[in-house]
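S.K.: Please work out how this folds:
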Amino acid sequence: MSISKKNSSRRKFLAVGAAACLGLKTSEAFAGGRRRKRCCFVVPNCCPPPCVPVSPSLKVRQNIAAFNPIQIASLRNGVAAMKALPDSDPRSWRFQANIHGTMGPVSSPLFNQCQHGTLLFLAWHRGYLYYFERILRAAAGDPNLTLPYWDWSTSPMLPEPYRSPPSTSNSLYDDTRNINDGSALPPEVVVDDLNSALAQIPFPPSGFVGFSRSLEGSPHGAIHGLIGGRMRSVPTAANDPIFWLHHGNIDRVWNRWLNLNSGRVNPSDAAYLDTPYSYADENGNTVTHTVRELSNSERLGYCYDDVPNPPVGSSASTRSLVMQSIEGPQLLRAASDSEGEAPPTELKSLGFKAETIKLHLTPQHGAALGAKGAATDLEKPGQILLQIEGLSVAEVPNFTYAVYLNLPDDEVDPAQIKRHYVASLNFFGKDTEHGGEHGHQHTHDKAPVDIFDVTAVVARLQKADRWNPEAISVTLRPLTPIPPKDGEENLRQRSVAAAEKAQIQYQRINLLVTSE
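M.R.: Below you'll find the predicted structure:
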């Protein structure tokens, strides 16, 4: 693109944003020195220095539930202005979405850069949101606009401005979603799984699990699937406007976790901190930052309305930058196939119905799991881990599965059922039609392995006298959004159809005990 054409495109972009802020037609935004001067508030440094506002404090990201009508209008104007730009413009809606992932031609080195399945998941998305927010603010012509977050743990229904009005006039609406009807995300995902992630002390895997990995699986990944539509697949997710609010909350939860202290610190390895990532800024330029520069939100100039920014510099050494499969002789195993230690030989299918898988415990491994009369080669047990190997889908369904350990088939008491609850499954990034096939930075070179720390679940069941280590089973129950009144049958029909298309499979389920 020539300089003159680029400048012309840039002036048009500024004018659209300024017009949205002032309530003017785009043509009016070009006219008159006074109005043109307002463009200074659209993109920093686009006018002489006296015109650039100076922010004396941090910008505050708010809960979308606290946005007033003026803020909602500004948000919609910004999104609409970005969508109006040519896809080739780095500040356009489509270009920004393609940075996360795309199924189209990879026409920019910035495309398909999302980080999933690594310890860089949180830092990469923080930088991604940070520059998107700057572009959005510029597009809206509103220097006070910040990217809101969706606190789905307290407001599990899709925010009303994102589902009403349900038309193309609403730039925040996406007609592909599964929950536009007012369905609520299930508490197992947005409350229980969130609390499980926050309870993790290590950021990297100390042992085999940690905060980042737990959070990324669920609530993060499970919510992607439950929202459905474009959100359910990595290459299309960022095209849905709710993506940015969902990840705003994930970013906020990172700060929440750090503020819990008790040894909760970010990684400090140079290999982690010096990893560079590139984004597009509000001027359409490529900017590069290291993870070191992205790890603290205060350094980036923002905070959340209900979460203090954590202190700068707290860190811990990481063992590995990627999540590894559990392997090694220190493990004791109860497996879903009778051969125990043998590799899985066939795929098992799942549908829209509950499945209970019995695990086979070899006698020499029984003591580690509390079986009577079994010898053990461990003086004291370490973590008890549930491992699901080879979980995959052809297409991410509009539901997930709640996972339970040793749940009796006839149990109906909700309080008792909750004692057996482990977590919900994450299918995001596991769809064989889209996930991992477009240059995304995943670690799925081998069959994926999902790992859950069930040490506390076993302890809970032991305390309630509901743990039988000689009859170990794992139950998978379909978990859907909670539909509005009279919407149950419609949801069931859609879920049955989704299960058929999904072709959900796994290879094996293991219960593992690690030595300390």
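S.K.: Using the three-state scheme, assign L511.
M.R.: Three-state assignment for L511 (DSSP: H, G, I helix; E, B strand; the rest coil): strand.
S.K.: Point to the residue nearest the middle of this structure.
M.R.: Nearest residue to the geometric centre of the chain (Cα atoms, centre = their mean): H220, 3.1 Å.
S.K.: Confirm that that residue sits in a helix.
M.R.: Yes. Looking at H220 with three-state DSSP, it is inside a helix.
S.K.: looking at it, it is touching I250, isn't it?
M.R.: Yes. Look at H220 against I250 with Cβ atoms under 8 Å: they come within range, at 5.5 Å. Every residue, glycine included, has its C-beta placed from N, CA and C.
S.K.: Give me the three-state assignment for V190.
M.R.: Following three-state DSSP, the label given to V190 is helix.
S.K.: how many neighbours does it have?
M.R.: Other residues lying near V190 total 24 when counted by other Cβ atoms under 10 Å.
S.K.: got a list of what the residue nearest to the centre of the chain touches?
M.R.: Going by Cβ atoms under 8 Å, 6 or more residues apart in numbering, H220 touches 246, 250, 426, 428.
S.K.: Tell me how far the third one lies from G225.
M.R.: Taking Cβ to Cβ, to the nearest Å as the criterion, N426 is separated from G225 by 7 Å.
S.K.: which residues are common contacts for these two?
M.R.: T400.
S.K.: More neighbours: which of these two?
M.R.: G225 (29 against 24).
S.K.: Report the separation between that one and I504.
M.R.: Taking Cβ to Cβ, one finds G225 at 11 Å from I504.
S.K.: Output the below-cut-off pLDDT ranges for this protein.
M.R.: Applying pLDDT under 70 to the chain flags the ranges 1-56, 205-208, 313-334, 337-345, 362-381, 433-447, 515-516.
S.K.: thinking again about what came up before, shared neighbours of G225 and I504, anything?
M.R.: 397, 427.
S.K.: where along the stretch 351-500 of the chain do the helices fall?
M.R.: 414-419, 455-463, 488-502 (DSSP state H, counting those that start in this stretch).
S.K.: of those helices, which approaches V393 most closely?
M.R.: For these, the distance to V393 is smallest for helix 488-502, at 4.6 Å, taking Cβ to Cβ.
S.K.: What helices and strands are in contact with that closest one?
M.R.: Contacts defined by 3 or more Cβ pairs under 8 Å, 6 or more residues apart in numbering; DSSP states H and E place helix 488-502 against no helix or strand at all.
S.K.: Whichever helix or strand comes after that helix packs against which elements?
M.R.: Going down the chain from helix 488-502, the next helix or strand is strand 504-506, by DSSP states H and E. If you count contacts as 3+ Cβ pairs under 8 Å, 6+ apart, strand 504-506 packs onto strand 348-350.
S.K.: what are the pairing partners of the strand it packs on, and which direction each?
M.R.: In the sheet containing strand 348-350, its partner strands are strand 504-506 (antiparallel), by DSSP bridges.
S.K.: Quick one: residues in contact with the strand it pairs with.
M.R.: Contacts with strand 504-506, where a contact means Cβ under 8 Å, 6+ apart, come from 347-351, 388-393, 397, 427.
S.K.: give me that answer again for 10 Å
M.R.: Residues from elsewhere that reach strand 504-506, judged by Cβ atoms under 10 Å, 6 or more residues apart in numbering: 336, 344, 346-352, 355, 357, 388-397, 399-401, 425, 427, 430, 432, 447-448, 450, 476, 498.
S.K.: From those, list the buried ones, please.
M.R.: 336, 344, 348, 350, 352, 357, 388-393, 395-397, 399-401, 425, 427, 430, 448, 450, 476, 498 (16 or more other Cβ atoms under 10 Å).
S.K.: Looking at those, which are in strands?
M.R.: Mapping the buried ones among the contacts of strand 504-506 onto strands (DSSP state E) picks out 348, 350, 357, 388-389, 400-401, 450, 476.
S.K.: coming back round to it: out of the helices of the stretch 351-500 of the chain, nearest to L198?
M.R.: Closest approach to L198 among the helices of the stretch 351-500 of the chain is made by helix 455-463 (13.1 Å; Cβ to Cβ).
S.K.: ok, back up a step: mind listing the shared neighbours of H220 and I250?
M.R.: Jointly contacting H220 and I250 under the rule Cβ under 10 Å, 6+ apart are 121-122, 125.
S.K.: Dump these to TSV, plus distance to M82, neighbour count and secondary structure.
M.R.: Listed next are the shared contacts of H220 and I250 as TSV, based on distance: Cβ to Cβ, whole Å; neighbours: other Cβ atoms under 10 Å; DSSP: H, G, I helix; E, B strand; the rest coil:
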residue	distance to M82	neighbour count	secondary structure
F121	25	21	helix
L122	24	25	helix
H125	18	22	helix
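S.K.: For S74, see how far away D306 is.
M.R.: 21 Å.
S.K.: swap that for H100, sorry
M.R.: Counting by Cβ to Cβ, the gap from H100 to S74 is 23 Å.
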